[in-house]
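1. what's the 3D shape of this:
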Amino acid sequence: MKILLPPSEGKTPAPTGPVLDLDRLSSPELTAKRKRVLSALQKASKRRDALEVLGVGASLADDVERNTVLDVIPCAPALLTYSGVLYEAMGASELVARAAEDESLHARLRQVLVFSALFGRVNGLDVIPAYRLAMKTELGTLGRLTSYWKPILAESSPLDTAEVALDCRSSDYRSAWPGPNDQVVTMGAVTVKDGKRRVVSHWAKFYRGEFAGRLLADARALPTTVDELVARAEEIYEVEFTPSAPKKPAALTVVLRG
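-> Next comes the predicted model:
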């Protein structure tokens, strides 16, 4: 099983650590494509209009400046570099710390795949720098990065035949690689109050992160089938499950009653 995550907009720069080595990242078939994006990002980040090009405000000027030196600054495992609601709910830092002495957990964290505008995708323990780049960005001659990565990732599926994936990504990153509908299970949440249902948007990240973290921290092996995945969710939440359709992946929905 794989767990598919979005990156976070905010990232935590590593205080110490090795520098970026693209040749040592997982999915080495993506190395040449990653080099193109890195070069384009560094070039764009040196422009006078870099903030406008990257679609960020003045408060993120330091992040954009850091883009120019991504190949020489300290790096850390992806699960420590990405931050925010999902990664906090997952307990990412605790998982990485435990994995140093737990070979089984270490192996499970390599089944976590974060989809990235800069790297295409990385696994949870790949060592990367804190960068600022969104998948919807138009980056020089590469164009919109969603369109750049889509055909590349289509030829580089991370899933074995019939392997299950829990998809916790946002739409921009899902569109870059939707995955096979019969293997991917998306996750969302709804609230039900006074008979009315409302889709949970921002805080759905919390439940996605929490569930992913519980799966990874559990001493049991990760689920190998959709039925096993749903059963594990039912141990924690009230859930609804919608099977996949020819043009739609399966959906796992956490139901929150207020």
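
2. what's K150 in contact with, if anything?
-> 175-177 (Cβ atoms under 8 Å, 6 or more residues apart in numbering). In this view, the C-beta of every residue, glycine as well, is placed from N, C-alpha and C.

3. Among the residues you listed, name the buried ones.
-> 176-177 (16 or more other Cβ atoms under 10 Å).

4. Mind checking which of the contacts of K150 land in helices?
-> 175-176 (DSSP state H).

5. need the contacts of K150 in JSON lines with distance to D167, can you?
-> Converted to JSON lines, the contacts of K150 look like this (distance: Cβ to Cβ, whole Å):
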{"residue": "S175", "distance to D167": "12"}
{"residue": "A176", "distance to D167": "12"}
{"residue": "W177", "distance to D167": "10"}
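
6. could you dump the contacts of K150 to JSON lines with distance to V239 and pLDDT?
-> Formatted as JSON lines, the contacts of K150 follow (distance: Cβ to Cβ, whole Å; pLDDT from 0 to 100):
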{"residue": "S175", "distance to V239": "25", "pLDDT": "92"}
{"residue": "A176", "distance to V239": "27", "pLDDT": "93"}
{"residue": "W177", "distance to V239": "25", "pLDDT": "95"}
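
7. which one of the contacts of K150 is nearest L159?
-> Comparing the contacts of K150 against L159 with Cβ to Cβ places W177 closest, at 10.1 Å.

8. which residues does the residue nearest to the closest one when sequence neighbours are not counted contact?
-> Using Cβ to Cβ, 6 or more residues apart in numbering and skipping the chain neighbours, the partner closest in space to W177 is L153 (3.9 Å). Contact partners of L153, counting by Cβ under 8 Å, 6+ apart, are 120-121, 176-177.

9. tell me which of these is nearest to Q111?
-> R121 (12.2 Å).

10. How is the closest one assigned, secondary-structure-wise?
-> The local conformation at R121, judged by DSSP: H, G, I helix; E, B strand; the rest coil, is strand.

11. Wait, it touches M135, no?
-> No - between R121 and M135 there is no contact under Cβ atoms under 8 Å: 11.3 Å.

12. list residues touching both of those two?
-> Common neighbours of R121 and M135 (Cβ under 8 Å, 6+ apart) are F115.

13. Surely L79 is in contact with A97?
-> No - using Cβ under 8 Å, L79 is not in contact with A97, being 10.3 Å away.
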